[in-house]
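Participant: Okay, here's the prediction I keep looking at, along with the sequence it came from:
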Amino acid sequence: MATEASKGRWLTAGLLAPSSIWFLIMLVMPLVVVAIFSFGERAPAGGYTASFTFEQYANLPARLKAFQNTLTLAPLGTVLTLLVAYPLAYYLAVKAPSRWKLALLVLVIVPFWTSLLIRTYAWIFILGGRGIPTLLEFIGIEGVRLINTPTAVVIGIVYIYLPLMVFPIFVSLEKLDKRLLEASNDLGGSPFRTFLQITLPLSIPGMATGCMLVFILLMGEFLIPAILGGGKVFFIGNALVDLFLQSRNWPFGAAVATTLVIIMLVIVSIYMRLMMRVSAHREDVSIM
Amino acid sequence: MRLYSIAVYLFLYIPIGIIVLFSFNAGRHASELKGLSVKWYGKALDNPFVIDALFTSLTIAFCAATLASIMGTSAALALQRIKGPLKAIFDGMIYISIMIPGIVIGIATLVALVSVFDVLNPIIADVWLGDKAPKLELGMISVIAAHTLFTMSLVIVIVRARIAGMDRALIEASTDLYASPWATFRQVTLPQLAPAILAGFLLSFTFSFDDFIISFFVAGPNTTLPIYVFSSIRRGITPEVNAIGAMVMGASLLLLIVAQLLLRRDHRR
C-alpha cells in the first residue's frame, strides 16, 4: 500500500508531467535543433545539410545592417516610449482625480488588447502620402516623406508599446508613499526638487520593468518594420523571415537567430545584475 | 499635465478611429473617403477566405487557451510542492519561454518539426498496414502546440501569484474538518484560483488569436486571420481589411468587458 508521502510525490509528478513534456518537445528540442543547424551548411535546394562549420557565423556581417538597425532603433524606441509614457503615468498615479483613475488606466491598456497588426497598419493612412505629408503641404512644408522611413518605424514602436510602458510605471508611482512627498514639502523642498529626489528615484523599478519589457519585444520585432518600414528599414526579425521563408537558407538563419538569443541573454543578465545591485543598495539605505 | 495626457489619449485612439471610420467607406479605394456605407462589412462576412481564416484562428485560440489553462494550473499547483534543482529548472523554462522572441519560437518550431517529420514519415509509411499512411505535416496542430508553450507559461505565472496570495487558513480548516484532499481542492482551492485561471485563459486566448509571427512560420498551408490581414495589406489596402479590423477590435473589446463583468461578479460573492 502506498504511503501518504509517496502518493503526494506521484501526484506532483503527474501534475508536472504534461508541462514538462511540452517544454521538452516545444522549447528545448527546437532550440537545440536551431543551435545544431547554425553549424551546418545550406542544402543546394534550400534547407539544411549536416556538417560542422563556423562558416555561418563568419558570414554574419552579410546581415550587419539588420543588426545595426535593431540595436539602434530598439533602444531609441524604448527611450522615446519611456519619455512619452512617464508624464502620463505620473498624471494617472498622482494628479488624476481618483474617481477617474481606473477608467483612465483602462483606456490606456485597452488598445494593447486589440490587434497589434491592425493598429500598426492604421499608421499607413496617417503617415502615407495622403496623411500628414498632405497636411504639411497646406501649411507650406513640402516634400516630407514619412512612410518607409526609420521615423515611421519609431512612431509605430512608441504607439504600439506605450501601454506596456505606462502600466509598470503607474504601479510603482501608485505604490509610492505619499507621506514622503508631504515630508519633502514640509521641509521646504520645491515641487521640482521633490520630484527629482523622491518621486523619480522611487519609480526607477517601474521604469526598468517597462523598458525591459519593451526592449525584449523590440529585439524580435517583425511587424512594425515590415508594415511601416516597407522593406527599407528592416530588423533582425525581418532578416529571419527572409532567410527562413524566402531564400530558405536555414543554417545561416539559425546562426542569426542564435546570435539574437545570445545578445538578448547578455543584455537581460546585465539588467538583472543591475537591478539586484539597486535593490541591495536600497536595503542598506533602509537599515540606516 | 492634463493637456499632455489628453494629447496622449488622442495619439492612442486616433489611429483606431481612422480604421473604424474608413471601414464605413462607400468608395472602392481605401484612402479616399466617399460617403458612408456598411457594404464592406457584408463583403468581408461573405468572403469565404475571411470566414475560413476566422474559424481557424478561433479554433487555434480556443484549443491553445484550454490546454494552457489546464497544464499551466496543474504545473503551478505542483510547483508549490517542490523545491531544489527541479524547481530551478522549471523556473528557467518558464522564464525562457516568456522572454524568447516569438519569431525565434516560430523558427525553432518550424525547423525542429520539419526535421522530425522528415525522420518519422518514412518510418510511419513502412510500418503502416493500411493503404495510405498518414503523413505528419505542419498545420493547425503545430500552431496550437507552439501557442500553448508560451501561453502555458503565462498561466503558470498568473496562477502562482494567486496561490502565493491565497489564504492558507481555509485549507487548514478544511483539512481539520476531515475533508479529503480532493474535496479540499474542489471546494476551497479551486474557487479561490478560478479568477486567476479565467484571467489566464482570456489572456492566452487573446495572445493566440492575435499572434501573427509564430503562426506565419508553423501554420503550413493554413491561414489564420492575422495572416490573411497581413497578406491583404501586402497586396494593397482595401476597405474590406478595415472592416475586418474594426470587427476584430469590437469583438476583443466585448470579450474584455464580459471578462471584467465576470470577474467583478465573482469578486462580489
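Facilitator: Perfect, thanks for sending it.

Participant: list the contacts for residue B:247?
Facilitator: Residue B:247 is in contact with B:41, B:44, counting by CB atoms under 8 Å, 6 or more residues apart in numbering or on different chains. Every residue, glycine included, has its C-beta placed from N, CA and C.

Participant: helix or strand for it, which one?
Facilitator: Following DSSP states H and E, one finds residue B:247 within helix B:239-268.

Participant: Surely residue A:255 is in contact with residue A:58?
Facilitator: No: Residue A:255 is beyond contact range of residue A:58, at 9.2 Å (criterion: CB atoms under 8 Å).

Participant: more crowded one of those two?
Facilitator: Legend: neighbour count by other CB atoms under 10 Å in any protein chain shown for residue A:255 and residue A:58, higher for residue A:255 (26 against 10).

Participant: which non-adjacent residue is nearest that one?
Facilitator: Spatial nearest neighbour of residue A:255, chain neighbours left out: residue A:56 (3.7 Å); criterion: CB to CB, 6 or more residues apart in numbering or on different chains.

Participant: Let me know whether the one you found touches residue A:36 as I believe.
Facilitator: No: contact status for residue A:56 versus residue A:36: not in contact, 11.6 Å apart, counting by CB under 8 Å.

Participant: Neighbour count: these two, which is higher?
Facilitator: Shown here are residue A:56 and residue A:36; by other CB under 10 Å, residue A:56 has more neighbours (24 against 17).

Participant: Low-confidence regions, the chain specifically.
Facilitator: Going with chain A. By pLDDT under 70, the weakly predicted segments of chain A are A:1-3, A:280-288.

Participant: other chain: chain B
Facilitator: By pLDDT under 70, the low-scoring segments of chain B are B:29-32, B:263-269.

Participant: Look at residue A:81 and say how many residues are nearby.
Facilitator: Neighbours around residue A:81, by other CB under 10 Å: 26.

Participant: And it, which helix or strand is it part of?
Facilitator: Applying DSSP H and E as the criterion places residue A:81 in helix A:64-90.

Participant: Near chain B, which residues of the stretch 101-250 of chain A? Just list them.
Facilitator: Within the stretch 101-250 of chain A, the positions adjacent to chain B are A:104, A:107-108, A:110-111, A:113-119, A:121-126, A:128, A:130, A:159, A:162-163, A:216-217, A:219-220, A:222-223, A:227, A:237, A:240-241, A:244-245, A:250 by CB under 8 Å from any CB of the partner chain.

Participant: ok, the residue of the stretch 51-200 of chain B found nearest chain A - contacts?
Facilitator: Evaluated by CB to the nearest CB, the stretch 51-200 of chain B has residue B:101 as its residue closest to chain A, separated by 2.2 Å. Applying CB under 8 Å, 6+ apart to residue B:101 gives the contacts A:216, A:217, A:219, A:220, A:237, A:260, A:264.

Participant: does the last one count as helix, strand or coil?
Facilitator: It stands for residue A:264. helix (DSSP: H, G, I helix; E, B strand; the rest coil).

Participant: nearest spatial neighbour of it, skipping sequence neighbours?
Facilitator: residue A:219 (5.5 Å).

Participant: Against residue A:75, how distant is the one you found?
Facilitator: Separation of residue A:219 from residue A:75 (CB to CB, to the nearest Å): 10 Å.

Participant: between these two, who's got more neighbours?
Facilitator: Between residue A:219 and residue A:75, counting by other CB under 10 Å, residue A:219 is the more crowded of the two (25 against 15).

Participant: OK, contacts around the more buried one?
Facilitator: A:70, A:74, A:236, A:260, A:263, A:264, B:101.

Participant: Now for the fourth one, which secondary structure element holds it?
Facilitator: Using DSSP H and E, the element containing residue A:260 is helix A:250-287.

Participant: Give me the buried stretch members for that helix, please.
Facilitator: A:250-261, A:264, A:267-268, A:271 (16 or more other CB atoms under 10 Å in any protein chain shown).

Participant: repeat for stretch B:218-230
Facilitator: Neighbour-count burial for stretch B:218-230 [16+ other CB under 10 Å]: B:218, B:219, B:220, B:222, B:223, B:224, B:225, B:226, B:227, B:228, B:229, B:230.

Participant: List the buried residues in the helix or strand that comes right after the helix holding residue A:81.
Facilitator: For helix A:64-90, the following helix or strand on the C-terminal side (DSSP H and E) is helix A:98-113. Neighbour counts over helix A:98-113 (16+ other CB under 10 Å) mark A:101, A:104, A:105, A:108, A:110, A:111, A:112, A:113 as buried.

Participant: other SSEs contacting helix A:98-113?
Facilitator: helix A:150-175, helix B:2-23, helix B:239-268 (3 or more CB pairs under 8 Å, 6 or more residues apart in numbering or on different chains; DSSP states H and E).

Participant: Now do the shortest one: distance to the chain's middle.
Facilitator: Taking CA atoms, centre = their mean, to the nearest Å, the mean C-alpha location of helix B:2-23 is offset from the chain mean by 26 Å.

Participant: could you check whether that helix is close to chain A?
Facilitator: Yes: residues of helix B:2-23 are located near chain A by CB under 8 Å from any CB, namely B:2, B:4-5, B:8-9, B:11-16, B:18-19, B:22.

Participant: mind exporting that helix as PDB, just the C-alpha atoms?
Facilitator: In PDB, the C-alpha atoms belonging to helix B:2-23 read as follows (Å, rounded to 0.1, in the frame of the first residue of the first chain):
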ATOM      1  CA  ARG B   2      -3.700  67.400 -18.200                       C
ATOM      2  CA  LEU B   3      -3.300  68.700 -21.800                       C
ATOM      3  CA  TYR B   4      -0.400  66.400 -22.300                       C
ATOM      4  CA  SER B   5      -2.500  63.400 -21.100                       C
ATOM      5  CA  ILE B   6      -5.300  64.400 -23.500                       C
ATOM      6  CA  ALA B   7      -2.800  64.500 -26.300                       C
ATOM      7  CA  VAL B   8      -1.500  61.100 -25.500                       C
ATOM      8  CA  TYR B   9      -5.000  59.700 -25.400                       C
ATOM      9  CA  LEU B  10      -5.700  61.200 -28.800                       C
ATOM     10  CA  PHE B  11      -2.400  59.700 -30.100                       C
ATOM     11  CA  LEU B  12      -3.700  56.300 -28.800                       C
ATOM     12  CA  TYR B  13      -7.200  56.500 -30.200                       C
ATOM     13  CA  ILE B  14      -7.000  58.500 -33.500                       C
ATOM     14  CA  PRO B  15      -5.500  55.500 -35.400                       C
ATOM     15  CA  ILE B  16      -8.200  53.200 -34.200                       C
ATOM     16  CA  GLY B  17     -10.800  55.800 -35.000                       C
ATOM     17  CA  ILE B  18      -9.400  56.100 -38.500                       C
ATOM     18  CA  ILE B  19      -9.700  52.400 -39.100                       C
ATOM     19  CA  VAL B  20     -13.300  52.400 -37.900                       C
ATOM     20  CA  LEU B  21     -14.100  55.500 -40.000                       C
ATOM     21  CA  PHE B  22     -12.600  54.100 -43.200                       C
ATOM     22  CA  SER B  23     -14.300  50.800 -42.700                       C
END
